[in-house]
Structures are given as structure tokens and as C-alpha cells.
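J.: curious how this folds, go ahead:
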Amino acid sequence: MISTLTPLGKLCVTQVGATVYPPGSTFGPRRMKDYEFVWIIEGHAVAYYDQQRIEAPPGSLLLCRPGMTDRYEWALDSRTIHAFFHFNFQSPRSGWPSIDSWPLIRQLPPDDIVRPLFRYVLAVHSVAEPLRSALLLPCVDLMARSFVSGKMATLLEPHSSFPPPVEAALKLIRENTFQEPSPPLNLQRLARAAHVTPEHLCRLFRRTLRRSPLECLRIARLERAATLLARSNLAVKQIADSTAFASPYHFSRMFRRMHGLSPRDYRKATREGAMLPSSPVARHLPINISPKIR
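T.: Now for the predicted structure:
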């Protein structure tokens, strides 16, 4: 019975991220080696899991299973934003229904527990081991139980931990980065949004994030580009244009400086299952999903 679900054995979490797709983007097909949760935050997707066509509007949570072939078509007339993570475990213990009977999609109600848990996974995936697993694994286990059983709980809102001017500037960086394409953004505009001088904003950023505001903007754009490389069929030039780099050459140079690989090598490595680290600063820069809940 669902009420007797036991913890998943030897649970591990691998790739984690969130990204925005330009209209008409596609991803796949690929053969899944593990489980993947996909949360549609904004826009719309059509997912193909083996021969099943699944409409996924905002607020959808999808679960693809090992051995399935998945493919995604994102909305034609607007951007689509989604978060995802991959995980694996031993066969469920007693009390779980057959894996073949697990749902492939659920619509999240307004007061669900999954969205805050998903935000938590995005926030702590870059924490060093062994703390990372200690924090992530119980969270993902609870998400899986909630998804399979359909039992959801209350939505909680996250706290701000930075000075208000830094929070205001980060909010603008997030909003800018996930526009399609990302428009120009300079220090003066960030300072106006934060209601401080450019010099004071730079001091606050250095004190709290050890980076300048424009460095954080570049990291945010490169993180979005990394996810598009790993999870879309867009060409490198399209990704460079979408993330507001002056040219594919400039994009490739900045990307290699941050990740140690060219964009093409990064795409190849991630599709072969490599776990590639992100910037520690990037965990403060994911899309601001709180106001977007459907």
C-alpha cells in the first residue's frame, strides 16, 4: 500500500539545474540511464517518453525512467523554463507499487510540497560532500514518495540572505539572464535597481559574493549556456546569441575560462554522463522561480 512506502535504497543524485529555452527549441532523443524529474515552470512542453506523447503545461512535474527514450519539444511562441535533476536508486523496497505503474506526469496543486523541495535541491546541489548527500537524499526520497503517492503538502517561501541592494541586483540579473534573448545590462542599471551608487554596489558584491556585479552576470549567462549545451539541440552560435555574448568566439573563450572545456567538448562530456561542477557563485543566481508558481 502507498501508506507503507519505505525509503529508497542507495539513492544518489547526479545532474541538477534550471534553464530557459528559446521558442521552438527541441531536445533529444536520448536513452535514459537513470531517473529524471522535470518541472515545467513557465511556457509549455510536449514530452515523448517512448511512444507516449505527454502535454506538459506550467506546473507539470514529469518523471522519466531508466530505459525510456525521451524527447522534448518546447513552446513555439514563447520561452519555456524548467528545472530538472537526475537520480538513481536500488529497486524500491516493500510497500512501493511496481515501477512500471509509476505516473509519468502530475499537475502540482498550489499548496504542494514538491516545488519548495525542488528549489532546495537546486540550492544545495553544489555543497561539498558528505553534507551534499546528507541534505539532498532525504529531500529527493520525499519528493519521489509524494510524486508516486500523489500526496502533497504546504508550499514554503525561501528567505533572502544578502543585503537588500545585492538581492535587488541579483533579481535583475536573474530576470535579465532568462529573457530570450538576454538584453544588454550594465553596472549603472544594476545600481539604479538596487538604489545605490555603482561603487557601493560593487563593494557589497565583493563583500558578500567575492565577485563584481558584472562577473555575476557573466557567470549567470554562462550557467544558462551550459545547461542549454547539455539539454538542447541548439547550435553553439544560437546559444551564444541567446545568452548575449558578442560572438561565438567570445562565448567560447569565456566558457572555456569558466568550465575548462570548449562548448562542444562540454556538450559531449555531459551527454556521456560526466558530472561537471558549476561555479560556487551560480547557486545564488538560478532563476527566481518563487513568483512564477502556477
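J.: every contact and neighbour count from this point should use C-alpha atoms.
T.: Fine.
J.: now stretch 200-215: average pLDDT?
T.: Computed over stretch 200-215, the mean pLDDT rounds to 93.
J.: one more: stretch 79-91?
T.: Across stretch 79-91, the average pLDDT comes to 91.
J.: also stretch 275-283?
T.: 67.
J.: what's the answer for stretch 240-257, then?
T.: Mean predicted lDDT for stretch 240-257 stands at 94.
J.: measure it end to end?
T.: Counting by C-alpha to C-alpha, to the nearest Å, you get 15 Å between the two ends of stretch 240-257.
J.: which parts of it are buried?
T.: Going by neighbour count (16 or more other C-alpha atoms under 10 Å), the buried part of stretch 240-257 is 240-245, 248, 251-252, 254-256.
J.: and what of stretch 169-180?
T.: For stretch 169-180, the neighbour count (16+ other C-alpha under 10 Å) marks 169-174, 176-178, 180 as buried.
J.: looking at the residues you listed, which are in strands?
T.: Judged by DSSP state E, strands contain none of those.
J.: mind giving me the domain split of the chain?
T.: Domain assignment of the chain by automatic domain parsing yields the ranges 2-149, 164-292.
J.: what about the helices in this structure?
T.: Taking DSSP state H, the helices of the chain run over residues 114-124, 131-149, 164-177, 187-194, 198-209, 213-231, 236-242, 248-259, 263-271.
J.: and the shortest one, what other elements does it pack with?
T.: In this case it means helix 236-242. Contact analysis of helix 236-242 by 3 or more C-alpha pairs under 8 Å, 6 or more residues apart in numbering; DSSP states H and E lists helix 213-231, helix 248-259 as its packing neighbours.
J.: identify the bridge partners of residue 72.
T.: Listed by DSSP bridges, the beta-bridge partners for residue 72 are residue 27, residue 47.
J.: number of residues surrounding it?
T.: Other residues within reach of residue 72, judged by other C-alpha atoms under 10 Å, total 19.
J.: surely it touches residue 27?
T.: Yes. Using C-alpha atoms under 8 Å, residue 72 is in contact with residue 27, at 5.1 Å.
J.: so what sits against both of these two?
T.: Contact criterion C-alpha atoms under 8 Å, 6 or more residues apart in numbering; residues shared by residue 72 and residue 27: none found.
J.: if we can go back for a sec, mean pLDDT lowest for which of the domains of the chain?
T.: Mean pLDDT is lowest for domain 164-292 among those, at a mean of 87.
J.: residues in contact with the nearest residue to residue 194 once chain neighbours are set aside?
T.: Closest residue to residue 194 apart from its sequence neighbours, by C-alpha to C-alpha, 6 or more residues apart in numbering: residue 165 at 4.4 Å. Taking C-alpha under 8 Å, 6+ apart, we find residue 165 in contact with 194-196, 201, 204.
J.: of all the helices of the chain, which one is nearest residue 48?
T.: helix 213-231 (14.9 Å; C-alpha to C-alpha).
J.: for residue 110, find the nearest of the helices and strands packed on helix 236-242.
T.: helix 213-231 (27.1 Å).
J.: can I get the closest one in CSV, CA atoms only?
T.: Extracted in CSV, the C-alpha atoms of helix 213-231 (Å, rounded to 0.1, in the frame of the first residue of the first chain):
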residue,chain,number,x,y,z
PRO,A,213,28.1,42.5,-10.2
LEU,A,214,29.1,42.1,-13.9
GLU,A,215,31.1,39.0,-13.1
CYS,A,216,28.0,37.5,-11.5
LEU,A,217,26.0,38.5,-14.6
ARG,A,218,28.6,36.7,-16.8
ILE,A,219,28.5,33.6,-14.5
ALA,A,220,24.7,33.5,-14.7
ARG,A,221,24.8,33.7,-18.5
LEU,A,222,27.4,31.0,-18.7
GLU,A,223,25.5,28.7,-16.4
ARG,A,224,22.4,29.1,-18.6
ALA,A,225,24.5,28.4,-21.6
ALA,A,226,26.0,25.3,-20.0
THR,A,227,22.5,23.9,-19.4
LEU,A,228,21.5,24.7,-23.0
LEU,A,229,24.5,22.9,-24.3
ALA,A,230,23.7,19.8,-22.1
ARG,A,231,20.0,19.8,-22.6
